[in-house]
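Peer 1: Sequence unavailable; structure follows:
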């Protein structure tokens, strides 16, 4: 498997780099007067048309409905008696858009998800519901919404506003959870200033204990003298921020385009969407066992970010970087992540007519995390999976309706990997089939290594309307 990943990364790298006052005769003056009269008539008609267009723009439009219906099945190659070994779910999402007038628009999306294999994933909720106000100098969006930042592909250090549904950690692309927010964008010449205010905190969703994605806890711990003893675990409720204005979060982003470069600086002040895990340990009188209480706690977080992107001929350049100022500013609290830097840089290229008239897309990214204080967060931390990682992606068109894709990542610090080949096909207008295979592995107590028994196949049928 390592050989295959290395070969893929090497292949990806090589593919990216091969009005004057004048006296006029009477006849001429008559002609001139006629032309002037005609022009006045034309201008009057044009003004009338403009007024009609303005009135048409101001008129409300009918409600537009769209959405999708999705059937999704997952089977794991290795079965576990204590875990859920499949997914059999259906998702229905209904999207409504209504143009109230030339300045106001309404958008909402309601999603229903039912998983017959894992009822903990069932939900009916409002994904988005907001009103837009647009003007020449600024836009305002108010309501439940998704706010997405970043230019890198899939790994975005600057994207920290919305929480994520991590009940399946390999399937999070469309699983961001909408937050109630006020978003304002001011247009200042070549610059855009975005300000976001979220009055109440909401957290990400984590896997349940019977999920294949709940990390197995070590049944034993080691005493200082080297003696192993049995450990029993219990979980307390997550300590959340106060459910009022004290949990408010805000974010700022300044973006511009300079000589073809899309640039932005950003700042987020709020809370981590994932908990830090504190613990209490109580030993039996004879030290033959230990009772361990895991206490999840949500901690404050500030993120200073920067991103860029540029099209340079046949190449695309992208990247982003962020400094994570955690609550453990001095790096002395064991269970809270130390402050760290996280950056991603990438390059991509499209190749035309590779096989007949079919195209090829190649992407290569480097991901790195650097400790600002103390040690790095462990690789098993969801915020620190990719510590020194190469991430690659290849999309090959087979014909006008089907495509083969391959994604792979390898981390040189943790020495773990993830590979996903995928086949996509458009069966009919709006109807698409996707088949994925997920392969994970690595050393023990690494992120992907902990899930080396979770290799699986996924089949998804989606109809969009």
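Peer 2: Looks like it came in fine. Computed from a predicted model, the values in this text were never measured in an experiment.
Peer 1: State the next helix or strand along the chain beyond the helix or strand of the chain with the lowest mean pLDDT.
Peer 2: One helix or strand of the chain scores below all others by mean pLDDT, DSSP states H and E: helix 26-58, with a mean of 42. Next helix or strand after helix 26-58 toward the C-terminus (DSSP states H and E): strand 64-76.
Peer 1: For that next one, which outside residues touch it?
Peer 2: 85-98, 109, 212, 453-465 (CB atoms under 8 Å, 6 or more residues apart in numbering). C-beta here means a position set from N, CA and C on the backbone, and glycine is covered the same way.
Peer 1: Only the buried subset of those residues, as a PyMOL command please.
Peer 2: Those of those that count as buried under 16 or more other CB atoms under 10 Å are selected in PyMOL with:
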select buried, resi 85+86+87+89+91+93+94+95+98+109+212+453+454+456+458+460+461+462
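Peer 1: Show me what the strand or helix carrying residue 418 is packed up against.
Peer 2: According to DSSP H and E, residue 418 maps onto strand 416-428. Using 3 or more CB pairs under 8 Å, 6 or more residues apart in numbering; DSSP states H and E, the elements in contact with strand 416-428 are helix 2-17, strand 402-411, strand 431-442.
Peer 1: follow-up on the earlier one: restricted to strands, list the contacts of strand 64-76.
Peer 2: Counting by DSSP state E, the part of the contacts of strand 64-76 found in strands is 86-98, 109, 456-464.
Peer 1: my read: residue 340 touches residue 368, true?
Peer 2: No - at 10.4 Å, residue 340 does not count as touching residue 368 under the criterion of CB atoms under 8 Å.
Peer 1: more neighbours, these two?
Peer 2: Legend: neighbour count by other CB atoms under 10 Å for residue 340 and residue 368, higher for residue 340 (24 against 16).
Peer 1: Now residue 422: closest residue in space that isn't a chain neighbour?
Peer 2: Closest residue to residue 422 apart from its sequence neighbours, by CB to CB, 6 or more residues apart in numbering: residue 405 at 4.3 Å.
Peer 1: Can you get me a residue count around the one you found?
Peer 2: 16.
Peer 1: okay, it: pLDDT?
Peer 2: Per-residue pLDDT puts residue 405 at 98.
Peer 1: mind checking how far it is from residue 270?
Peer 2: 34 Å (CB to CB, to the nearest Å).
Peer 1: and if you look at residue 116?
Peer 2: For residue 116 relative to residue 270 (CB to CB), the value is 36 Å.
Peer 1: Looking at these two, which is more packed in?
Peer 2: residue 270 (20 against 12).
Peer 1: Help me confirm that that one comes into contact with residue 298.
Peer 2: No - look at residue 270 against residue 298 with CB under 8 Å: they stay out of range, at 10.0 Å.
Peer 1: joint contacts of the two?
Peer 2: residue 201.
Peer 1: Specify the angle between the one helix or strand residue 111 maps to and strand 86-99 in degrees.
Peer 2: Assigned by DSSP H and E, residue 111 belongs to strand 104-115. Angle of strand 104-115 versus strand 86-99, following axes from the mean of the first three to the mean of the last three CA atoms, to 10 degrees, is 170 degrees.
Peer 1: What strands line up against strand 104-115, and which way round?
Peer 2: When sheet partners are counted by DSSP bridges, strand 104-115 sits next to strand 86-99 (antiparallel), strand 123-134 (antiparallel).
Peer 1: Tell me which residues of the shortest one come out buried.
Peer 2: I take that to be strand 123-134. Judged by neighbour count using 16+ other CB under 10 Å, the buried positions of strand 123-134 are 127, 128, 129, 130, 132.
Peer 1: ends of stretch 253-270, how far apart?
Peer 2: Distance across stretch 253-270, first residue to last, is 15 Å (CA to CA, to the nearest Å).
Peer 1: Please apply the same query to stretch 255-266.
Peer 2: Using CA to CA, one end of stretch 255-266 lies 9 Å from the other.
Peer 1: Can you give me the buried ones in it?
Peer 2: Quick answer for stretch 255-266 (16+ other CB under 10 Å): 255, 263, 264, 266.
Peer 1: Also stretch 79-86?
Peer 2: 83, 84, 85, 86.
Peer 1: How far does it sit from its chain's centre?
Peer 2: 28 Å (CA atoms, centre = their mean, to the nearest Å).
Peer 1: same check, this time on stretch 224-239
Peer 2: Per CA atoms, centre = their mean, the centroid offset for stretch 224-239 relative to its chain is 34 Å.
Peer 1: try stretch 174-193
Peer 2: On CA atoms, centre = their mean, the centre of stretch 174-193 falls 15 Å from that of its chain.
Peer 1: now stretch 164-176
Peer 2: With CA atoms, centre = their mean, you get 9 Å for stretch 164-176.
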